[in-house]
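Trainee: Using only what follows, build the 3D model:
(one chain, ligands or ions: 2)
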Amino acid sequence: MSSSRVLDVAGLGVSVGPLTLLTDVTFGVGRGERVGLIGESGSGKSLTGLSVLGLLPEDLHARGSIRLAGVDHDIVGANERAMSRVRGRDVAMVFQEPMTALNPTMRVGEQVAETIVLHRRCGRGEARQAAVALLDAVGLPSPADTARAFPHQLSGGQRQRVVLAIALANDPELLVCDEPTTALDVTVQALVLDLIVRGVSARDAALLFITHDLAVVATVCERVLVMYGGRIVEAGPVEEVFRRPRHRYTQGLLEASDLEELAAPGRLRTIPGSVPAAGRFPDGCVFRTRCAHATTVCREAPPWTGETPERGYACHHPAGVKV
Ligand SMILES: Nc1ncnc2c1ncn2[C@@H]1O[C@H](COP(=O)(O)OP(=O)(O)OP(=O)(O)O)[C@@H](O)[C@H]1O
Ligand SMILES: [Mg+2]
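Mentor: Ligands and ions are numbered 1, 2, ... in the order given. Prediction:
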């Protein structure tokens, strides 16, 4: 992989029994870059994030390759022992529900300290001090007292800050966030988003940010990947993709989003139909059964149009392109 990349995903496929859940997912994340991963529910966003951490459920089978900077083996096929060294050190993840990531019976300061001790050569005392400093850095009030609290004694927003402190504890090269603020109210959401951006920027870490909220992507990310039916259907700089979407699915997502509503109130539309269940997507273009522009050619899988996986789309009838 090139030295400017921290993550290289190539031809990632995930299946369960005969069902295909992800197909040929290919993308990279540059050092210090913030990349959004968007798409409706069931598009394959979380499966992609989990794959990067080597956290897919055991009955799911992955193919292809996932390389992380500083890790000399492929994440695909790596055993749990190898991954436990990588997770929390080279790459860390923040999930939607902080309670699932925290141990309910352990004081939060101890949980942060434990991550530090696991990956660094330092004593308990030193790790405890570092933990308090991290809790302070994520804006928790009286961090020394908070360190002694149990997760249930904190609010949802405070818990998510603790999870972020744990994720950033060992200065990972890459942070993966999966809907990290969806469960929080709007004001707390803005604070936590700001902390995530500041946390990764301060470490020059890269961010892979999963969300269904396009407005959040627009504020947090520089580049965006649009996912549908377990595939990346469009990719590019956020400004370009949001201003001039090419794939008809991206166009539909934007028209159905609050971004469009802000620009033209009352014009909120939805994408017709709903996301099929896994394995029920049509062959050829996965979006064709919901697309107003689909023709017979869409029964063939559209090729990737674009010189790199970083900017392009896979659509036979792209918006704004004369063919
Ligand atoms: N363990 C599993 N076994 C079988 N199917 C699964 C499993 N995990 C996910 N899927 C299926 O894979 C597809 C993609 O799931 P994924 O969780 O990645 O979607 P998502 O884009 O994260 O959606 P959401 O926005 O709702 O979180 C869905 O159809 C889902 O039902
Ligand atoms: Mg998800």
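Trainee: Show me which residues of the stretch 101-250 of the chain sit near ligand 1.
Mentor: Residues of the stretch 101-250 of the chain lying close to ligand 1 (Cβ under 6 Å from any ligand atom) are His212. Bear in mind the C-beta positions are built from the backbone N, C-alpha and C, glycine included.
Trainee: Now do the helices in the stretch 101-250 of the chain.
Mentor: Using DSSP state H, counting those that start in this stretch, the helices of the stretch 101-250 of the chain run over residues 108-119, 124-137, 143-147, 156-168, 186-203, 214-220, 238-243, 248-255.
Trainee: which of these is buried the deepest?
Mentor: Among the helices of the stretch 101-250 of the chain, helix 156-168 has the highest mean neighbour count (mean count of other Cβ atoms under 10 Å), at a mean of 25.
Trainee: Tell me, how many residues neighbour the residue of the stretch 51-200 of the chain found nearest ligand 1?
Mentor: Nearest residue of the stretch 51-200 of the chain to ligand 1, counting by Cβ to the nearest ligand atom: Pro57, 4.4 Å away. Neighbour count for Pro57, taken as other Cβ atoms under 10 Å: 8.
Trainee: Look through the stretch 151-300 of the chain and state the residue closest to ligand 1.
Mentor: Counting by Cβ to the nearest ligand atom, the stretch 151-300 of the chain gets nearest ligand 1 through Ala278, at 3.5 Å.
Trainee: list the contacts for Ala294?
Mentor: The contact partners of Ala294, taken as Cβ atoms under 8 Å, 6 or more residues apart in numbering, are 285, 287-288, 317.
Trainee: That should have said Gly70, apologies.
Mentor: 90, 173.
Trainee: if we compare the helices of the stretch 101-250 of the chain, which one ends up closest to Ala10?
Mentor: Between Ala10 and those, the tightest spacing by Cβ to Cβ is seen for helix 238-243, at 21.5 Å.
Trainee: what's the offset of the closest one from the middle of its chain?
Mentor: In terms of Cα atoms, centre = their mean, to the nearest Å, the centre of helix 238-243 is set 18 Å apart from its chain centre.
Trainee: which residues touch that helix?
Mentor: If you take Cβ under 8 Å, 6+ apart as the criterion, helix 238-243 is touched by 36, 214, 217-218, 221-224, 226, 234-235, 250, 254, 259, 311.
Trainee: rewinding a little: now, among the contacts of Ala294, which is nearest to Val117?
Mentor: Using Cβ to Cβ, Phe287 comes nearest to Val117 of these, at 47.6 Å.
Trainee: Check what pLDDT that closest one gets.
Mentor: You'll see Phe287 listed with a pLDDT of 97.
Trainee: Contact partners for the closest residue to it other than its chain neighbours?
Mentor: Using Cβ to Cβ, 6 or more residues apart in numbering and skipping the chain neighbours, the partner closest in space to Phe287 is Tyr249 (4.6 Å). Listed by Cβ under 8 Å, 6+ apart, the contact set of Tyr249 reads 226, 228, 233-234, 271, 287, 291, 315.
Trainee: How confident was the prediction at Tyr249?
Mentor: With respect to pLDDT, Tyr249 scores 97.
Trainee: now swap in the one 5 residues further on and tell me
Mentor: Per-residue confidence for Leu254 comes out at a pLDDT of 93.
Trainee: cool, and Ala235?
Mentor: At Ala235, the pLDDT value in this model is 98.
Trainee: That one and Leu225 touch, don't they?
Mentor: Yes. Contact criterion Cβ atoms under 8 Å: Ala235 and Leu225 qualify, at 4.9 Å.
Trainee: quick one: low-confidence ranges for the stretch 201-323 of the chain?
Mentor: Scanning the stretch 201-323 of the chain with the threshold set as pLDDT under 70 gives 258-269, 322-323.
Trainee: hey, where'd the strands end up in the stretch 1-150 of the chain?
Mentor: Counting by DSSP state E, counting those that start in this stretch, the stretch 1-150 of the chain has strands at residues 5-16, 19-30, 34-38, 61-68, 91-94.
Trainee: Need those in TSV (columns: distance to Glu110 and mean neighbour count).
Mentor: Shown next, in TSV, are the strands of the stretch 1-150 of the chain (distance: least, Cβ to Cβ, whole Å; neighbours: other Cβ atoms under 10 Å):
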stretch	distance to Glu110	mean neighbour count
strand 5-16	29	20
strand 19-30	32	20
strand 34-38	31	26
strand 61-68	28	19
strand 91-94	18	25
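Trainee: In contact with the closest residue to Glu179 other than its chain neighbours, which residues?
Mentor: What sits nearest to Glu179 in space, not counting adjacent residues and going by Cβ to Cβ, 6+ apart, is Gln96, at 4.1 Å. Gln96 is in contact with 178-180, 182-183, counting by Cβ under 8 Å, 6+ apart.
Trainee: Mind pulling the model confidence for Gln96?
Mentor: 89.
Trainee: that older thread, so what sits against both of Ala235 and Leu225?
Mentor: With contacts defined as Cβ under 8 Å, 6+ apart, the residues shared by Ala235 and Leu225 are Phe27.
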